[in-house]
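J.: need a 3D model of the following:
(2 chains)
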Amino acid sequence: MFGFGKKGATGIHVSGRIVRVAALGSSRGGVWPLALVESELESPFDPAALADDEQRQDLVSTLEGIADECGFDYGNTCISLDRRLALVKRCPLVADADKDNYEHLLWESEQILAEEAGEFSLDFVMTQDWGFVVAARYSALDCYLDLGDEVGFARLDVDLAPFALYNAGECAELLPGEESELLLYADVGEAWLMLVEEGEPLAVGSCTWEEEDEVVEVLEGAARKLLQDAGSDIQRVWGAGAGDMAWSEELAGKLGVPRSILDPLAAVDPDLLGEDATPEQRSVYAIAVGLAQRGLAG
Amino acid sequence: MIRVELLHGGSRQVPPWAGPALFALALCGGLYGLNWLYPFGQIFDSSSQDTVANQELWQEEANDVTDSVAAERSAASDPWAEGAAGDSWSNDAETAETAESSGWGEAPVPVVQETPAVAPREEDRPASVPHVVNDFSQPAVGDGDRPDGLRPPPRRSTACHWAVSINERVPPGVRLVSLTCSATGEYGLEGTSASQQSLRAFSEILQKSPSQVTLSSWQEGKASARVLRFAFDGRFSELPVRALATLSSDQAMRLFGKVARWADESGLDGLLIKKNITMPLPSARIHQRQKLWGTGSYQQIGAFLEKLQQVEEIAVLGEVVLMPIQGDEQGWAEARLYAAVDVVVGMP
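T.: As a prediction, the model looks like this:
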């Protein structure tokens, strides 16, 4: 599909009923979008659906349909891990050497997972001062591998939505914009938040709401908790997602900072964008694009 | 670019028994091959009988020594280890004392009294405030028994180390708010639990320790944000204790200097060390106590306490209060530590 020096990657972000797929191509000249597509599933996708062969078929056929329609394959794919399947814990780093910090994080994760530690796949994200322990059950990851086998992913990775959001902002050359900033991806019924300080992740959070809830209040509560836990304040909110864009605007107003749209394709040559989508519309694909960017990075 | 590798190349989970099984298979194969090349029987037969006899004799002596050391180490460091509550020090007739002589030689009988869903009276337990075990401002229980009115001297004890190690056994869903312990063996745990099931699991774990423990639990908060709170009051009933060596005042001063340095080297933050406190003891001796406050991770606090254990013959961790600073729902990243280190000093 791709010629010499060119490569491609696909990011898949599943949230509730909606599947969003971003296929990106890249060469020395830069990155360009091959497809930004969303499709609706028959029923909301959750961990139970992932483990159920029949329900998983709904997602399989949806993904196959998207690839056929848009004319790409899933050679190099990264899919977002469901919010309920990932455990993220932030720990202060105490040692100077990476190896010692790694051992410290491993020890901390063993304290959390106790006897179940052997059932989890672990990885760590280390910044200058903090370490993030990320854990997911092997049994859940096996379900994603089953999904990959059924769709025909040649190479599959999974990653967390907030990390993908960060990658999208970084690859779009929007981050770091300020000394301290909040990334918000608000979807229908759930949101991801990430606090970024001097270009490094400082804290990660998520929240959900029901129809009767005041969404902005829920978002504000989650944001303030994150800021309080991290002992930090912010200079900007980056908003993205399929939810009402007024939410991030109102949240930024409540926090007394400006709001900007996290357009994941802001750094792409406008001639390569080839369509009239607005930054707000492209921000819906921020997580999917961030996942695909990870695939392109190798 | 942030990336986490959870799939590790897309390989599925290997069953936990596969690794050891493959290792055992490879080992058997290797040994079989080695035996085929160099039959083991010939190698053993060629050894001299005298050498074997000498080796056995040496090994028996060495085993006696290592067994006794291992037993003492085990008892001092891990109260959950089998036999740890036994009287590993009781044969030392010259110096050994016991916290409760009536308890020695009897099997440990853990007692757990659960009083679920009972709200404690306000005067019984102020919310979330750990009680200070012994602040020297109040007379300790039993002081009045001594005709001279003087306190008994502090004694070697691993109670506080045992209590702190409870942290490693807190099950998922249980969050500690405070942990207190004194060298005499009394300890207290306060916290919240996600469910009765988690609390029951914690209670069962504590029952396995050589202690008597009482559990109180109650619901707090309104319906939408109800929290299951708990308080364990326990006592390490078969605590091996013995006398501390008596130091000169210079030695005590140097030791307290070392304690401060160890706390700093362990990485504890916000260290606060006040002037030591002195209390008179019988037989021309005084009891000196160094109080220390700091904040650190479990690893840092553990490193500091481990240093203290290295001088257990001359100093005892008299009191400890640990107040975890909740990082998130999964556990604590740091805790505030209060530690009191006691020594016995001879009057010049």
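
J.: alpha carbons only for contacts and neighbour counts from here, please
T.: Will do.

J.: pLDDT weak spots in chain B?
T.: Scanning chain B with the threshold set as pLDDT under 70 gives B:9-18, B:36-151, B:221-225, B:238-241, B:326-331.

J.: can we see that at 80?
T.: Counting by pLDDT under 80, the low-confidence segments of chain B come to B:8-22, B:28, B:30-153, B:156, B:208-211, B:219-226, B:237-242, B:282-283, B:326-332, B:347-348.

J.: could you pull out the strands for it?
T.: Secondary structure of chain B, counting by DSSP state E: strands at B:96-98, B:112-115, B:155-156, B:174-182, B:186-193, B:211-220, B:227-236, B:240-243, B:246-247, B:269-273, B:277-281, B:285-296, B:316-328, B:331-346.

J.: which of those is buried the deepest?
T.: Mean neighbour count (mean count of other CA atoms under 10 Å in any protein chain shown) peaks for strand B:155-156 among those, with a mean of 26.

J.: can you tell me what sits against that strand?
T.: Taking contacts as CA atoms under 8 Å, 6 or more residues apart in numbering or on different chains, the residues outside strand B:155-156 that touch it are B:Ala183, B:Val241, B:Arg242, B:Ala243, B:Leu244, B:Glu312, B:Glu313, B:Ile314, B:Ala315, B:Val316.

J.: can you tell me the closest non-neighbouring residue to the first one?
T.: It refers to B:Ala183. Nearest non-adjacent residue to B:Ala183, counting by CA to CA, 6 or more residues apart in numbering or on different chains: B:Gly318, 4.7 Å away.

J.: ok, now which ones touch that neighbour?
T.: Taking CA under 8 Å, 6+ apart, we find B:Gly318 in contact with B:Pro154, B:Cys160, B:Ser182, B:Ala183, B:Thr184, B:Ala339, B:Ala340, B:Val341, B:Asp342.

J.: from the contacts of strand B:155-156, which is closest to B:Ala260?
T.: B:Ala315 (13.5 Å; CA to CA).

J.: what sits against the closest one?
T.: B:Arg156, B:Leu244, B:Leu308, B:Val341, B:Asp342, B:Val343, B:Val344.

J.: around chain A, which positions in the stretch 151-300 of chain B sit nearby?
T.: Proximity of the stretch 151-300 of chain B to chain A, by CA under 8 Å from any CA of the partner chain, involves residues B:Glu168, B:Pro171, B:Pro172, B:Gly267, B:Gln299.

J.: next, give phi and psi for the third one.
T.: It stands for B:Pro172. Backbone geometry at B:Pro172, expressed as degrees, to the nearest 10, gives phi -60, psi 140.

J.: what is the neighbour count of it?
T.: Counted by other CA atoms under 10 Å in any protein chain shown, the residues lying close to B:Pro172 total 20.

J.: likewise B:Ala24?
T.: Using other CA under 10 Å: B:Ala24 sits among 12 other residues.

J.: and of the strands of chain B, who's closest to A:Val237?
T.: strand B:316-328 (23.2 Å).

J.: between that closest one and strand B:186-193, what angle do the directions make?
T.: Interaxial angle, strand B:316-328 versus strand B:186-193 (axes from the mean of the first three to the mean of the last three CA atoms, to 10 degrees): 0 degrees.
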